[in-house]
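K.L.:
With the sequence up front, the predicted model follows.
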Amino acid sequence: MIDTSPSTATTRQNITLCSTISEASGEDPAGSAWSLQRIMLIELPLPWAYNSLRSRHAPDGLEKLVHDVYDNLEEPWGMIGIAPDAAYSPEGTSRIIDLQQGDGIASAYRRASYLVPSDDVVDYLRLLSFEPDHPTIIAARQSDDQITREFFVCTHGAIDACCATIGYPIYKLLRTMADQTDTPTRVWRCTHFGGHRFAATALEAPHGRYWGHLKADMLSALVHRSAPVRDLRRHYRGWAALPNALWQIAEAELFSTVGWEWADGTITGIHGDVTPEQGGLLTVSFTHPNIETATVEIDINPVGSVTTMDASSSGEYRDAPQYRASILSRQPPGCLTHCARKTATNAS
């Protein structure tokens with residue numbers, strides 16, 4: 001058994017955790033989300049090797065399949081392993097969770113969930129990737145209300161110590177909360193999806209948003225959405241639907257300004273020349289259940305840098321540029337206020 005308490009792990013391995021450095025520096029996690037149009041999460045038995053596809057209990061053929069998918073599918077695609085949980089998947093079965101972005105430059109994700117025989121998981125993954133309408137896949141699909149929230153917390157300590165030392169205790173707290181809350185919630189531990197310097201870090205489904213530097217005292221607010229998004233802004237890494245880090249920073253400002261109701265909208269266009277060196281002006285067009293069309297101008301302004309560390313094992317520090325996003329105009333006036341009104345979707 002490995003003792004993953006912060007003091008013991010840090011002392012025993014004589015390392016400085018990159019998440020500790022990042023948080024102490026005040027680094028803003030916005031703009032760090034792994035951007036993908038499709039995210040597949042599959043149950044992958046522990047323990048996980050550095051390369052999770054070569055883990056001791058990884059099914060035969062999984063690594064080859066993943067490479068085949070990367071080579072043959074045009075859409076940005078990624079796979080994340082999740083630890084089996086007996087409460088979520090009956091014995092002898094494995095769950096596959098498929099998050100796919102809809103049409104548009106940055107539309108919401110839809111979640112599809114499948115229960116398949118554990119011995120045949122690679123065969124099902126191949127069908128799901130290349131023949132999604134195959135009768136075998138359709139028969140394995142589970143009903144999904146798109147309301148139940150799932151949090152996938154990285155605990156992949158073989159990639160970085162902070163994901164075990166900091167990520168695992170947060171996973172345990174969230175997992176306990178999931179069994180006790182009235183808000184429909186599932187919590188999984190998962191393999192690496194980038195940004196371990198923001199541990200504890202989690203992907204939230206079905207929305208496809210990433211959170212970081214999670215703390216015990218803010219988990220309830222995140223799960224129940226009982227605090228304004230503005231209060232959780234420093235924990236928000238960004239939305240997977242957006243491929244540009246500066247776009248993610250602009251979206252973070254819109255999310256924190258509107259609140260949780262922002263998740264019901266669809267971004268239909270992003271225009272403007274922005275660079276990491278100079279920033280720039282972005283024009284964001286969107287639709288929302290509360291408003292037909294709207295446009296917002298957002299200024300992205302560089303505000304210096306902080307010292308951070310990408311990996312606990314490297315011991316190497318670097319400067320990370322920081323930005324401030326400011327909303328300059330809104331058309332029609334008051335559009336963001338209208339978005340913040342409760343809709344039938346989020347009221348449920």
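P.N.:
Arrived safely, thanks for sending.

K.L.:
for C162, phi and psi?
P.N.:
The phi and psi torsions at C162 (degrees, to the nearest 10) take the values phi -70, psi -20.

K.L.:
All the helices of the chain, residue numbers only.
P.N.:
For the chain, the helices defined by DSSP state H occupy 6-13, 18-25, 62-72, 121-130, 135-140, 161-165, 167-180, 219-224, 229-232, 245-258, 335-339, 344-347.

K.L.:
And the contacts of the second one?
P.N.:
With C-beta atoms under 8 Å, 6 or more residues apart in numbering as the contact definition, helix 18-25 has outside contacts at 29, 160, 162, 166, 196-200, 213, 306-312, 314, 317, 320. No exception for glycine: its C-beta is placed from N, CA and C like everyone else's.

K.L.:
And those, which of them are buried?
P.N.:
29, 160, 162, 166, 196-200, 213, 306, 308-310, 312, 320 (16 or more other C-beta atoms under 10 Å).

K.L.:
Could you tell me which of those residues belong to strands?
P.N.:
306, 308-309, 320 (DSSP state E).

K.L.:
Which of the helices of the chain sits closest to A106?
P.N.:
Among those, the nearest to A106 by C-beta to C-beta is helix 245-258 (7.6 Å).

K.L.:
what's the weakest-modelled helix or strand in this structure?
P.N.:
Lowest mean confidence among the helices and strands of the chain (mean pLDDT, DSSP states H and E): helix 6-13, at a mean of 39.

K.L.:
picking up where we left off before, now distance to T148 too, for the helices of the chain, in a markdown table please.
P.N.:
What follows is those, written out as a markdown table (distance: least, C-beta to C-beta, whole Å):
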| stretch | distance to T148 |
| --- | --- |
| helix 6-13 | 31 |
| helix 18-25 | 28 |
| helix 62-72 | 26 |
| helix 121-130 | 20 |
| helix 135-140 | 18 |
| helix 161-165 | 25 |
| helix 167-180 | 10 |
| helix 219-224 | 12 |
| helix 229-232 | 20 |
| helix 245-258 | 21 |
| helix 335-339 | 23 |
| helix 344-347 | 14 |
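
K.L.:
Check A245 and give its pLDDT.
P.N.:
With respect to pLDDT, A245 scores 97.

K.L.:
Now the phi/psi pair for the residue nearest to it when sequence neighbours are not counted, please.
P.N.:
Distance criterion C-beta to C-beta, 6 or more residues apart in numbering; nearest residue to A245, sequence neighbours excluded, is G31 at 3.7 Å. Main-chain dihedrals, G31, degrees, to the nearest 10: phi 100, psi 0.

K.L.:
Surely G31 and L242 touch.
P.N.:
No: the pair G31 / L242 is not scored as a contact, 9.2 Å apart, by C-beta atoms under 8 Å.

K.L.:
more crowded one of the two?
P.N.:
Per other C-beta atoms under 10 Å, whichever of G31 and L242 has more neighbours is G31, with 25 against 22.

K.L.:
Would you mind measuring from the more buried one to L246?
P.N.:
Applying C-beta to C-beta, to the nearest Å, the value for G31 to L246 is 7 Å.
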